[in-house]
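Undergrad: can you look at this prediction? I've put the sequence above it.
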Amino acid sequence: MTSVEAAIAAIRDGRVVVIPTDTVYGLACTPHRAGAVRALSALKGRSPEQPIAIVAFSIETLVECVPELPEGAVARARRLLPGPYTLVLPNPACRFAWLSGGNPETIGVRVPSLTGPACDLLEAVGSVAATSANLHGGPDPRRLTEVPETLRKAAAAVVDGGDLPGTPSTVLDLTGPEPRVLREGAVPADEALSLAE
């Protein structure tokens, strides 16, 4: 069994894995089980009240996961994704409430631009809940050796995607009348805002 196959099986089984993304290495699990997401937060050492993004293979997969997304939000998402963005969108049906921290009426979403093993994995599982593979507050890992050993040992599977860009996604809040940058990352704030208009 390859590392990708092992990670796919582990995600489907509700366990936490280490995977490459288009930005940094991530801790990932199925988004469909609250217990798996709680285990991910505990492993990272972060409060379950902190939101975690759902990372989907495509916009279509994302809409299948959250079918109530407003049309305007989906249209904005299509202008930005796939790409190195995390978008905070309205979540009218409060789906995946265990991902949303203290505000279940919003949800963080990503559709990364992937190739290689990361693409194969996400295509197979459709979506994951994912956050950077560091201990809470630690540096974002751009290579597997930078993922803390405690996380690598605790993960059910580890996928090596080589060296990654190393800058996390730019986070945009699209829940209000105007887009807001919550975190400047891989894309400069001005560029992100102009694309999100």
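TA: Structure's in. What do you need? For clarity, every value in this text was computed on a predicted model and none was experimentally measured.
Undergrad: the helix or strand harbouring Ala130: what's the following helix or strand?
TA: Under the criterion of DSSP states H and E, Ala130 resides in strand 127-132. Heading C-terminal from strand 127-132, the first helix or strand you meet, by DSSP H and E, is helix 149-154.
Undergrad: related to what we said a few turns ago, please compute how far the strand holding Ala130 lies from its chain's middle.
TA: Put simply, strand 127-132 sits 4 Å off its chain's centre (Cα atoms, centre = their mean, to the nearest Å).
Undergrad: now stretch 116-135
TA: Centroid separation for stretch 116-135 versus its chain: 8 Å, with Cα atoms, centre = their mean.
Undergrad: helices and strands around the strand holding Ala130, which ones?
TA: Applying 3 or more Cβ pairs under 8 Å, 6 or more residues apart in numbering; DSSP states H and E, one finds that strand 127-132 makes contact with strand 25-29, helix 34-44, strand 53-56, helix 59-65. Placement of C-beta: from N, CA and C, glycine included.
Undergrad: average pLDDT across the second one?
TA: This points to helix 34-44. Regarding helix 34-44, the rounded mean pLDDT is 96.
Undergrad: packing partners of it?
TA: Counting contacts by 3+ Cβ pairs under 8 Å, 6+ apart, helix 34-44 packs against strand 25-29, strand 127-132, helix 149-154.
Undergrad: neighbours around Val63, how many?
TA: By other Cβ atoms under 10 Å, the residues close to Val63 number 14.
Undergrad: that one against Val74, yeah?
TA: Yes: the pair Val63 / Val74 is scored as a contact, 6.4 Å apart, by Cβ atoms under 8 Å.
Undergrad: related to what we said a few turns ago, including distance to Glu197 and mean neighbour count, could the helices and strands packed on helix 34-44 go into CSV?
TA: What follows is the helices and strands packed on helix 34-44, written out as CSV (distance: least, Cβ to Cβ, whole Å; neighbours: other Cβ atoms under 10 Å):
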stretch, distance to Glu197, mean neighbour count
strand 25-29, 29, 29
strand 127-132, 27, 24
helix 149-154, 38, 13
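Undergrad: closest to Ala53 out of these?
TA: For these, the distance to Ala53 is smallest for strand 127-132, at 6.4 Å, taking Cβ to Cβ.
Undergrad: partner strands of the closest one and their direction?
TA: Using DSSP bridges, strand 127-132 pairs in its sheet with strand 25-29 (antiparallel), strand 53-56 (antiparallel).
Undergrad: okay, those strands in TSV with mean pLDDT next?
TA: Formatted as TSV, the strands paired with strand 127-132 follow (pLDDT from 0 to 100):
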stretch	mean pLDDT
strand 25-29	98
strand 53-56	98
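Undergrad: so for Leu43, which of these sits nearest?
TA: strand 25-29 (6.6 Å).
Undergrad: what's that closest one in contact with?
TA: Taking contacts as Cβ atoms under 8 Å, 6 or more residues apart in numbering, the residues outside strand 25-29 that touch it are 11, 14-20, 36-37, 39-40, 43-44, 55, 128-133, 141-144, 146-147, 151, 155, 161, 164.
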